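> Sequence unavailable; structure follows:
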Ligand code: BGC
């Protein structure tokens, strides 16, 4: 074993000092400080031992380029070069390596064969679960249940860590208002307040209290910044937004993640106001590292350093490496730009070595904090992997959050819940019998076919009395579905309609499961139509002709435009892509064993022409009017301005009333708002009470409504509870166009209710 002796001596001395020191310290704060100091010292001494090439190596990340336990790559090919780099200590991190076996094999090379034996950090896209798949993040966000979201991230971390992973490329905290953009499934929706709370919950869930615990992993806030605002909703497209949107809408969840202690950031593919995010000193150094004091490291997005060449910002890969390093991108994911060019750039005097040192320190610090220096195989225990991955407890929690993520959009004449007896139920739609699509996109370790389908879930309740007809295929997938694959959407085949119609005729209720296939949203899945794909709308209308008792279960990773369904279909359930436990969760909601409580985290438009559409818009000088005679107003000539379903909207099997909205000034800059919430229906239910403000006039125009508080509460029938919110400067202020935070005196409206379109309001004057 070729372990470096020098490194061990240095660390042993430092550990002794640390021990001596730590016995003197009593408070936790002091302990943390001494731990931090200790890590800093270790990092500094290690850095002093490193050659320039080894330092640059730490800034280089490769994808899992071969099967670690399989054949050795042929010499001369890409994999062989990367393998050589690994042995020379020119790789600091790897991604897409799965399972203890593989991780261990590669870690062994880094630890035992390189000169300094610095362990690798293994990154992976654990976006909504590792093997046990939770609802897609947009769906989880619909729960507004921060504890459940945190738990979901915590389980994902524990499961991934048991499989050897140290670091997830999550949470994605990009705010987006554009349902055409496929990656909305991966975020928390359109609102910066909700998005920030969810960012904190996810970061805390993944990282826990102690990063060195083998149950926690480092998180990564991505994609910094403004990736969710691509022009025309087209993936990777230009972003050109004003500073007001940047500071007030885009930045808050990233800032919140930083304050929650997120260890890493990922930059973004897009240009932001003509500068690639990856090459933006403003974003990475000025805002993130300087202003917000972020002391973790920034990884580039996949190949995004090299992509500055086609962007027209860098002349070639070498120039791209120079720009990225100067701008503050600490680690290069798969551009091969740093490993090839950075050492030369330093030697030529184009990049200061101190910048390289800073990046390496940041990377090594996270490795220390993960406990990788103490034990590089900390996350590599086969027995533990077997016991933990897929364990029942994770399945239970996945079911719990799946139920909480469902949003009831419509329920005319209480068609729902279904009756457990004397109701003849047909399930129609290929997605109702699909065991892969409910997993959604970004499933890298979960297995195709591992989700409970809607049909299976319902049959669990009613045995074989549930009947099924496919009606029409949504996509014609190959047997090996993978997120790198294009789906072939069925635009023509209606041959299954006749059977479906015949079945619908004989049934009391038809549960139609329609929507997008799980791989129709996600990265590189922008759509210009956001209606029901393929022939599904036609199928729905045909079935409706013979049976109007339809419960439409929507499965999708983005808001869909379903105006016809919304007008005609009596019951609509938004079931997103709910992961492994999908069918069980849907069945519990349809049969009323779980009373739905989800609220939309993103506005549902009437048509794609309204996109981008979002609740926190401004008024214009000619405000929205629906009086058709007045022509010169801010509206469309062929559609109303209002969305189909607004942000924050969602029904329950019970009803709620809001009364006694009261405002009390605690002091000049602290306002207390309270309201009485009553369950006015006949069953127990949960409600998300939302508080919005409107700063009526200010030195920069403020949105008509801004979410500034919410509370999820369960009430028994007839029970009333007073819900109180406190508004402080944090909620009442805003960022000016130059990025200063301001609180201005003036009149504010306060709105409280169960959706962003609530009208219950009051006002106060801020002095
Ligand atoms: C995505 C990132 C992801 C990375 C690694 C990129 O294409 O934009 O979000 O983490 O790939 O898989």
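Now that the structure is in, tell me what you want to look at. Just so it is clear, the structure is predicted and the values come from calculations on it, not from any experiment.

> who in the chain is up against the ligand?
Contact residues of the chain with respect to the ligand, defined by Cβ under 6 Å from any ligand atom, are listed as 95, 125, 169, 222, 301-302, 523. Quick note: C-beta positions are derived from backbone N, CA and C, even for glycine.

> cutoff 8 Å now
Those residues of the chain that sit near the ligand, judged by Cβ under 8 Å from any ligand atom, are 63, 95-96, 123, 125, 169-170, 172, 183, 186, 220, 222-223, 227, 266, 268-269, 301-303, 333, 523.

> Mark out where each domain of the protein begins and ends.
With automatic domain parsing as the criterion, the domains of the chain are listed as 1-49, 50-386, 394-601, 656-766.

> quick one on the thing from earlier: buried subset of the residues of the chain next to the ligand, written for ChimeraX?
ChimeraX command restricting the residues of the chain next to the ligand to the buried ones, with burial defined by 16 or more other Cβ atoms under 10 Å:
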select :95,123,125,169,170,172,183,186,220,222,223,227,266,268,269,301,302,333,523
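
> Among the residues of the chain next to the ligand, which lie within helices?
The helices, defined by DSSP state H, take in nothing from the residues of the chain next to the ligand.

> Which ones among the residues of the chain next to the ligand map onto strands?
Under the assignment DSSP state E, the residues of the chain next to the ligand contribute 63, 95, 123, 220, 222-223, 266, 333 to strands.

> Make a markdown table out of the residues you listed and add pLDDT.
Below are these laid out as a markdown table (pLDDT from 0 to 100):
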| residue | pLDDT |
| --- | --- |
| 63 | 91 |
| 95 | 95 |
| 123 | 98 |
| 220 | 99 |
| 222 | 98 |
| 223 | 98 |
| 266 | 98 |
| 333 | 97 |
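
> now, the most widely separated pair of those residues?
The largest distance within those, taken as Cβ to Cβ, falls between 63 and 223 and amounts to 17.6 Å.

> can you pull the contacts of the residue in the stretch 501-650 of the chain that the ligand sits nearest to?
Using Cβ to the nearest ligand atom, the point where the stretch 501-650 of the chain gets nearest to the ligand is residue 523, with a distance of 5.6 Å. For residue 523, the set of contacting residues under the criterion of Cβ atoms under 8 Å, 6 or more residues apart in numbering consists of 182-183, 186, 235, 441-442, 483.

> Setting aside sequence neighbours, what's the nearest residue to residue 543?
Nearest-residue entry for residue 543: residue 504, 4.7 Å, with adjacent residues in sequence omitted and distances by Cβ to Cβ, 6 or more residues apart in numbering.

> Distance check, that neighbour against residue 534.
Counting by Cβ to Cβ, to the nearest Å, the gap from residue 504 to residue 534 is 19 Å.

> Please identify the buried residues of stretch 236-243?
Along stretch 236-243, the positions that meet the burial threshold by neighbour count (16+ other Cβ under 10 Å) are 236-237, 239.

> next one: that stretch to chain centre, how far?
Here the centre of mass of C-alpha atoms in stretch 236-243, compared against the chain's by Cα atoms, centre = their mean, to the nearest Å, lies 20 Å away.

> Please list all residues in contact with residue 322.
Applying Cβ under 8 Å, 6+ apart as the definition, the contact partners of residue 322 turn out to be 314, 341, 345, 350-351.

> Which of the residues you listed ranks first by neighbour count?
Highest neighbour count within the contacts of residue 322, by other Cβ atoms under 10 Å: residue 341, with 25 neighbours.

> how about it, secondary structure?
Secondary structure state of residue 341, per DSSP: H, G, I helix; E, B strand; the rest coil, is helix.

> mind checking pLDDT for it?
Turning to residue 341, the model gives it a pLDDT of 98.

> and the helix or strand hosting residue 253, average pLDDT?
In this assignment (DSSP states H and E), residue 253 forms part of helix 251-259. The average pLDDT within helix 251-259 is 98.

> just stretch 568-575 next, same as before
When pLDDT is averaged over stretch 568-575, the result is 98.

> Now do that stretch: distance to the chain's middle.
From the chain centre to the centre of stretch 568-575 is a distance of 25 Å (Cα atoms, centre = their mean).

> Provide a list of residues in contact with the residue in the stretch 251-400 of the chain that the ligand sits nearest to.
Of all residues in the stretch 251-400 of the chain, residue 302 sits closest to the ligand, with a separation of 3.9 Å (Cβ to the nearest ligand atom). Residue 302 sits next to 333-334 when contact means Cβ under 8 Å, 6+ apart.

> Distance of it relative to residue 102?
Plainly put, residue 302 is 20 Å away from residue 102 if you go by Cβ to Cβ.

> before we move on, the earlier item: got a quick ChimeraX command for the buried subset of the contacts of residue 523?
Here is the ChimeraX selection string for the buried members of the contacts of residue 523, based on 16+ other Cβ under 10 Å:
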select :182,183,186,235,441,442,483
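
> what are the ranges of the helices in the stretch 351-500 of the chain?
Using DSSP state H, counting those that start in this stretch, the helices of the stretch 351-500 of the chain run over residues 353-369, 382-388, 392-405, 454-462, 497-506.

> Put together TSV for the ones you listed, with mean pLDDT on each row.
Written out in TSV, the entries for those read as follows (pLDDT from 0 to 100):
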stretch	mean pLDDT
helix 353-369	98
helix 382-388	97
helix 392-405	98
helix 454-462	94
helix 497-506	98
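
> before we move on, the earlier item: CSV for the contacts of residue 322, including distance to residue 682?
CSV is the format used below for the contacts of residue 322 (distance: Cβ to Cβ, whole Å):
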residue, distance to residue 682
314, 65
341, 69
345, 71
350, 73
351, 69
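
> Just the pLDDT at the most centrally placed residue in the chain, thanks.
Against the mean C-alpha coordinate of the chain, by Cα atoms, centre = their mean, the closest residue is residue 187 at 3.3 Å. At residue 187, the model reports a pLDDT of 98.

> Residue 651 now?
Predicted confidence (pLDDT) for residue 651: 98.

> wait, what's in contact with it?
By Cβ under 8 Å, 6+ apart, residue 651 lies in contact with 408-411, 596.

> Most neighbours among those, please name it.
Highest count within the contacts of residue 651 by other Cβ under 10 Å belongs to residue 596, 29 neighbours.

> Looking at the contacts of residue 651, which one is closest to the ligand?
Ranking the contacts of residue 651 by separation from the ligand, with Cβ to the nearest ligand atom as the measure, puts residue 409 on top at 29.6 Å.

> tell me which residues form a beta bridge with the spatially closest residue to that closest one that is not a sequence neighbour?
Using Cβ to Cβ, 6+ apart and skipping residues adjacent in sequence, the residue nearest residue 409 is residue 572, 4.1 Å away. With DSSP bridges applied, the residues forming beta bridges to residue 572 are residue 410, residue 552.
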